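Student: coordinates only, sequence not included:
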């Protein structure tokens, strides 16, 4: 398999347009982004401010969403708030000035604030020493519940860091948003529905930096780089990364290198992506300095005479952050890009190797997530993707339950070869499976694979039609379902999940929920099924129909069903003889459980799938 990405001034490392004309997004500002995701963390923060608890320290890198999380947690409560700033680090008690009516000593300040029930301290790493000491003493005193926000990687006063190292307060290290949570945030924060490959790219580039995520998406939209995917309501971004102020701020250490040999080394790494760089092109001394600053990673070192100890160059060198390569390429001039860019024929063998690995995993019935950086890079740069590779990526994603991503890969292949039958078949399969398996199994065709009709019969709830025609975990699934064995179905689901078959695992857990005699076990299976189904990009199958609604109270189910049908809060209130406020409260609670920000984001699982023709 070979590919021919364009390499001149309109090639993969330079400015370009998509293969074919697309409708471009307007530059009208999008809506403000609601608080989305982080339900577990939000619940943890809120619980830290109740009962006998004394509070919590929330830490994480810049842009991770710490301030937004704690602001949401204290919304509607009687909470005092102070914020550290760089400009006042030398002024005693500067952060607390609004709460302290007079110049004070530490003892006096502690006395004046002793009646404060809840105190939010944002950017606590920027507190002056006196304010930091006051915060520490409030924690020791224990009468004020404290919610403290600290940015990782920034120097903090010792009195602040001792809050968690001295075990005065528990610490929540805020994790990066998952890919699924990022997709939900993007769906809630922009009126343009983004296709999955664009969501994946934004997730990789931003690495959990939500400020960067918003900045990039806004720049892509305003510069007209967001284009409609033909035949869909989704929008895609291909091509260079916009060099916005926030992007430049996040990558200043790369773009502002004083040593020319270091910038040359960084550029060579950037233009080598996604393939390994040629060792002879890299300056070892420059690499060592860049590694010490955390700008490059060295994954492995060769042994023997050519090792680094002997003066050789390390192998396995890459840029430390997914954003670095695209930014360096975008900042390079055309002549520099032409000099450093790889020849098109160099990508073919690497793409063949990715295809071979994906094929091997499918044959072993193991579709766990596996890196495939060359294909991802070609899509991001807007270069043509060979149809055979695109169809394989589509099949792999479909088996994992990532149906939207499967359809997106199939469309990428059709951009290169509009009549390709394998891509057309994958596109049809991914779209149909958003509702149900292709058609009710009639036993007329035989397939022992995970992707064939016999297993569709199991998924449709008729395991007897697949008797003796499946092997491995798929045969175990059929057997457990035939016996209505809830615990066995849960075990099958966990094995399917381990192998990467997320949609199949969700369906098996859903079937287990109906088979269990123990209500608690049934609820556990249902919860697991819902969690997995949320990762399957809108999948709606018979086994999952109505599953999400089972997580709600009877009243919430009633109201959500009406909301999903298009009724307003006032119309629902009139129909159910409730107040509009009560309806709103029920919907708010339901949204939190369903992972939706409003009625427009209600999961498709709240609506039963349409019956499929026989």
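Tutor: Okay, I see it. All figures in this text were calculated on a predicted structure; none of them were measured in a lab.
Student: and residue 318, what element?
Tutor: Here residue 318 sits within strand 315-319, counting by DSSP states H and E.
Student: so what strands line up beside that strand?
Tutor: Each strand that pairs with strand 315-319, with its direction, by DSSP bridges: strand 296-300 (antiparallel).
Student: residues touching the closest residue to residue 201 other than its chain neighbours, list them.
Tutor: Nearest residue to residue 201, sequence neighbours excluded (CB to CB, 6 or more residues apart in numbering): residue 380, at 5.2 Å. C-beta coordinates here come from the backbone N, C-alpha and C atoms, glycine included. Neighbouring residues of residue 380 by CB atoms under 8 Å, 6 or more residues apart in numbering: 201, 238, 326.
Student: go again using 10 Å as the cut-off
Tutor: 12, 197-198, 200-201, 204-205, 237-241, 274, 322, 326, 373 (CB atoms under 10 Å, 6 or more residues apart in numbering).
Student: hang on, the earlier thing: outside of the strand holding residue 318, which residues touch it?
Tutor: Counting by CB under 10 Å, 6+ apart, 254, 265-266, 268-270, 272-274, 276-277, 279, 282, 287, 290-291, 295-302, 306, 308, 324-328, 373 sit against strand 315-319.
Student: hang on, the earlier thing: then the residue nearest to residue 201 would be within a strand, right?
Tutor: No. Assessed by DSSP: H, G, I helix; E, B strand; the rest coil, residue 380 does not belong to a strand; its assignment is helix.
Student: hmm, back to that, if you average the pLDDT over the strand holding residue 318, what comes out?
Tutor: Average pLDDT, strand 315-319: 83.
Student: The nearest residue to residue 278 once chain neighbours are set aside: how many residues sit nearby?
Tutor: Once flanking residues are discounted, residue 278 sits nearest to residue 272: 7.3 Å by CB to CB, 6+ apart. Residues lying near residue 272 (other CB atoms under 10 Å) number 21.
Student: any idea how far residue 272 lies from residue 364?
Tutor: From residue 272 across to residue 364, the span is 31 Å (CB to CB, to the nearest Å).
Student: Tell me which stretches of the stretch 501-614 of the chain form helices.
Tutor: Using DSSP state H, counting those that start in this stretch, the helices of the stretch 501-614 of the chain run over residues 502-515, 519-533, 554-564, 569-576, 580-594.
Student: who wins for proximity to residue 545 among these?
Tutor: Across the helices of the stretch 501-614 of the chain, residue 545 has its closest neighbour in helix 502-515 (8.8 Å, CB to CB).
Student: what's the spacing between the closest one and its chain's center?
Tutor: From the chain centre to the centre of helix 502-515 is a distance of 24 Å (CA atoms, centre = their mean, to the nearest Å).
Student: Reformat the helices of the stretch 501-614 of the chain as JSON lines; add mean neighbour count, mean pLDDT and distance to residue 453.
Tutor: As requested, those are exported to JSON lines (neighbours: other CB atoms under 10 Å; pLDDT from 0 to 100; distance: least, CB to CB, whole Å):
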{"stretch": "helix 502-515", "mean neighbour count": "27", "mean pLDDT": "94", "distance to residue 453": "14"}
{"stretch": "helix 519-533", "mean neighbour count": "19", "mean pLDDT": "90", "distance to residue 453": "23"}
{"stretch": "helix 554-564", "mean neighbour count": "19", "mean pLDDT": "81", "distance to residue 453": "32"}
{"stretch": "helix 569-576", "mean neighbour count": "16", "mean pLDDT": "89", "distance to residue 453": "42"}
{"stretch": "helix 580-594", "mean neighbour count": "17", "mean pLDDT": "79", "distance to residue 453": "33"}
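Student: Just put the ones you listed in CSV and tack on distance to residue 429.
Tutor: What follows is the helices of the stretch 501-614 of the chain, written out as CSV (distance: least, CB to CB, whole Å):
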stretch, distance to residue 429
helix 502-515, 12
helix 519-533, 19
helix 554-564, 27
helix 569-576, 37
helix 580-594, 27
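Student: for this structure, which helix is longest?
Tutor: Assignment by DSSP state H gives helix 347-363 as the longest helix of the chain.
Student: For it, buried residues please.
Tutor: 347, 350-352, 354-355, 358, 361-362 (16 or more other CB atoms under 10 Å).
Student: Just want the phi and psi numbers for residue 323.
Tutor: Residue 323 adopts backbone torsions of phi -80, psi -20, taken as degrees, to the nearest 10.
Student: can you count the residues close to the closest residue to it other than its chain neighbours?
Tutor: For residue 323, ignoring the flanking residues on the chain, the nearest one in space by CB to CB, 6+ apart is residue 205 at 4.9 Å. Applying other CB under 10 Å, we find 21 residues neighbouring residue 205.
Student: just residue 73 next, same as before
Tutor: When neighbours are defined as other CB under 10 Å, residue 73 has 24 of them.
Student: wouldn't it be in contact with residue 55 here?
Tutor: No. Judged on CB atoms under 10 Å, residue 73 makes no contact with residue 55 at a distance of 11.2 Å.
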